[in-house]
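[1] what's the 3D shape of this:
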Amino acid sequence: MSDEVKELTDFIGAIGHPIRRRIIRILHENMEVSYSDLLSMLNIETGKLNFHLKKLQPLLEQTQSGKYKLSEKGRFAHTVISLLEKRLGGESVQLKVPRASFVKRFVAWFLDILLIYVVSFASLNMQLVDFEPFPWFNFHVTLPYILVQILRYTFFLGSQPFSEIDTFLRIYLASILWAYWTITEGYKGQSLGKILMGIRVVKSDGRRLPLQDSAVRSIGKAFLLPLDVIVGLVFYRRKKVLRFTDYYTDTIVVEV
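    Next comes the predicted model:
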């Protein structure tokens, strides 16, 4: 057998198994993936993953940190697989990975909000505030206007009624959060909060989130979170959905 024929035979064999095609697809969507992440995303035994990685060796490379990525041949293999799936109707592959807990998702959301609040402080004017948390104790302090509004919005501090919170502030912060989540989760499935909590948002079959789906999910989080959660829990709880926009975009949040 000539070298060219052997190379072609090995190539066809490498992409001939659904798990190996799944690995190629994951690496294409996520750029670089660790061994442990592959185990989690594929939900297979260590020995089985080692076997398939060995079969895929000509199509893979390893970074200095030990993560896997596609080689030039691997990227070509993904193109071939995509063309074949389009011609043959595609594959339906459901991802079986540990889903992120509600606590982790909440903490990641809270950390993201803190980050955006801090970044936004520099963009608005300072304001002198009189705080009186207790009848016997009060103090004056100069704070960024946006921080003053956040404290009042969150903790009901100061004399300003809840109904009078600056509408512009709400739209301003929600818009920044929407853009932040759309870009970060659309790029790699992880905002800073999700990175710190070790979770990622992906399509239900493990593919990276398209930017348009990320934008839809972010609308739910930034502008309509209470309604988004209520609708998701009431109507789609049996589908293990936390938010309606998770169901609408066919996405899940998983451990990484």
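[2] quick check, Thr245 in a helix?
    Yes: looking at Thr245 with DSSP: H, G, I helix; E, B strand; the rest coil, it is inside a helix.
[3] measure the residue nearest to it when sequence neighbours are not counted to Lys67 for me?
    Nearest non-adjacent residue to Thr245, counting by CB to CB, 6 or more residues apart in numbering: Gly220, 3.5 Å away. Where C-beta positions appear, they are placed from N, C-alpha and C, glycine not excepted. Note on Gly220: its distance to Lys67, by CB to CB, to the nearest Å, is 31 Å.
[4] Those two: which is more packed in?
    Gly220 (22 against 17; other CB atoms under 10 Å).
[5] got the contact list for that one?
    228, 243-245 (CB atoms under 8 Å, 6 or more residues apart in numbering).
[6] re the thing from before, element containing the residue nearest to Thr245?
    helix 211-222 (DSSP states H and E).
[7] Can you name the next helix or strand after that helix?
    helix 225-236.
[8] Give the other helices and strands that that following helix contacts.
    helix 244-249 (3 or more CB pairs under 8 Å, 6 or more residues apart in numbering; DSSP states H and E).
[9] I'd guessed Leu39 sits against Asn50; true?
    No: counting by CB atoms under 8 Å, Leu39 stays clear of Asn50, with 10.1 Å between them.
[10] For the stretch 101-250 of the chain, which segments are assigned as strands?
    Secondary structure of the stretch 101-250 of the chain (DSSP state E, counting those that start in this stretch): strands at 126-134, 137-144, 199-203.
[11] worst average pLDDT in those?
    Across those, strand 126-134 has the smallest mean pLDDT, namely a mean of 61.
[12] Nearest residue to His28 in space, ignoring adjacent ones along the chain?
    Nearest non-adjacent residue to His28 (CB to CB, 6+ apart): His78, at 4.5 Å.
[13] I'd like to check which residues are in contact with that neighbour.
    24-25, 28, 70.
[14] sorry, back to before: just put the contacts of Gly220 in CSV and tack on pLDDT, distance to Leu111 and neighbour count.
    Formatted as CSV, the contacts of Gly220 follow (pLDDT from 0 to 100; distance: CB to CB, whole Å; neighbours: other CB atoms under 10 Å):
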residue, pLDDT, distance to Leu111, neighbour count
Asp228, 85, 19, 21
Arg243, 87, 18, 24
Phe244, 89, 23, 21
Thr245, 89, 20, 22
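[15] between the residues you listed, which is nearest Gly16?
    For those, the residue nearest Gly16 by CB to CB is Thr245; the value is 36.8 Å.
[16] what about the closest one, distance to Val202?
    14 Å.
[17] neighbours of Tyr248, just the number please.
    When counting by other CB under 10 Å, one arrives at 17 neighbours for Tyr248.
[18] let me redo that: Val103
    There are 9 residues near Val103, going by other CB under 10 Å.
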